[in-house]
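Predicted structure and sequence below. I'll ask about it afterward.
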Amino acid sequence: MKLSNIKKGEKVKIMSIPDENIRVQAIRIGLYEGAKLVCFEKIPSGPVILKNRFQEIAIGRNLANSIMIEAV
């Protein structure tokens with residue numbers, strides 16, 4: 001499943017970030033393969049807001065389309 005398909009309140013685990021350039025930048029903000037996240041908010045036609053421990057991260061829809069996840 002793609003991160004862009006997540007629902008508010010859903011807990012997920014990042015399975016893969018295929019693009020190496022995106023993967024390097026994602027690691028800097030705490031998104032890496034194996035990370036467990038919660039969808040804090042999903043704005044219609046806007047970003048997906050994730051909660052990782054005490055941090056909230058807004059991910060644009062195009063980027064969210066390239067990140068593969070699975071439900072936890």
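Noted; the coordinates are in hand.

With just CA atoms, put the lengthiest helix in the chain into CSV.
Determined from DSSP state H, the single longest helix within the chain is helix 20-28. Taking C-alpha atoms only, helix 20-28 is exported to CSV below (Å, rounded to 0.1, in the frame of the first residue of the first chain):
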residue,chain,number,x,y,z
GLU,A,20,17.6,6.7,-3.2
ASN,A,21,17.6,10.6,-3.3
ILE,A,22,14.2,10.6,-1.5
ARG,A,23,15.4,8.0,1.0
VAL,A,24,18.4,10.0,2.0
GLN,A,25,16.3,13.1,2.6
ALA,A,26,13.6,11.1,4.4
ILE,A,27,16.1,9.7,6.8
ARG,A,28,17.0,13.2,7.9
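
Please, where are all the strands along this protein?
Per DSSP state E, the chain carries strands over the ranges 11-16, 36-42, 48-52, 55-59, 68-71.

Point out the most buried one among these.
strand 48-52 (a mean of 19; mean count of other Cβ atoms under 10 Å). Any C-beta I mention is one placed from the backbone N, CA and C, and that applies to glycine too.

Pretty sure residue 29 sits against residue 58.
No - with contact defined as Cβ atoms under 8 Å, residue 29 does not reach residue 58; the gap is 9.9 Å.

Next, the buried residues of the longest helix of the chain.
Under the neighbour-count criterion of 16 or more other Cβ atoms under 10 Å, helix 20-28 has 23, 26 buried.

what's the angle between it and strand 11-16?
140 degrees (axes from the mean of the first three to the mean of the last three Cα atoms, to 10 degrees).

returning to what we had before: make JSON lines out of the strands of the chain and add mean pLDDT.
Compiled in JSON lines, the strands of the chain are given as follows (pLDDT from 0 to 100):
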{"stretch": "strand 11-16", "mean pLDDT": "97"}
{"stretch": "strand 36-42", "mean pLDDT": "96"}
{"stretch": "strand 48-52", "mean pLDDT": "95"}
{"stretch": "strand 55-59", "mean pLDDT": "94"}
{"stretch": "strand 68-71", "mean pLDDT": "96"}
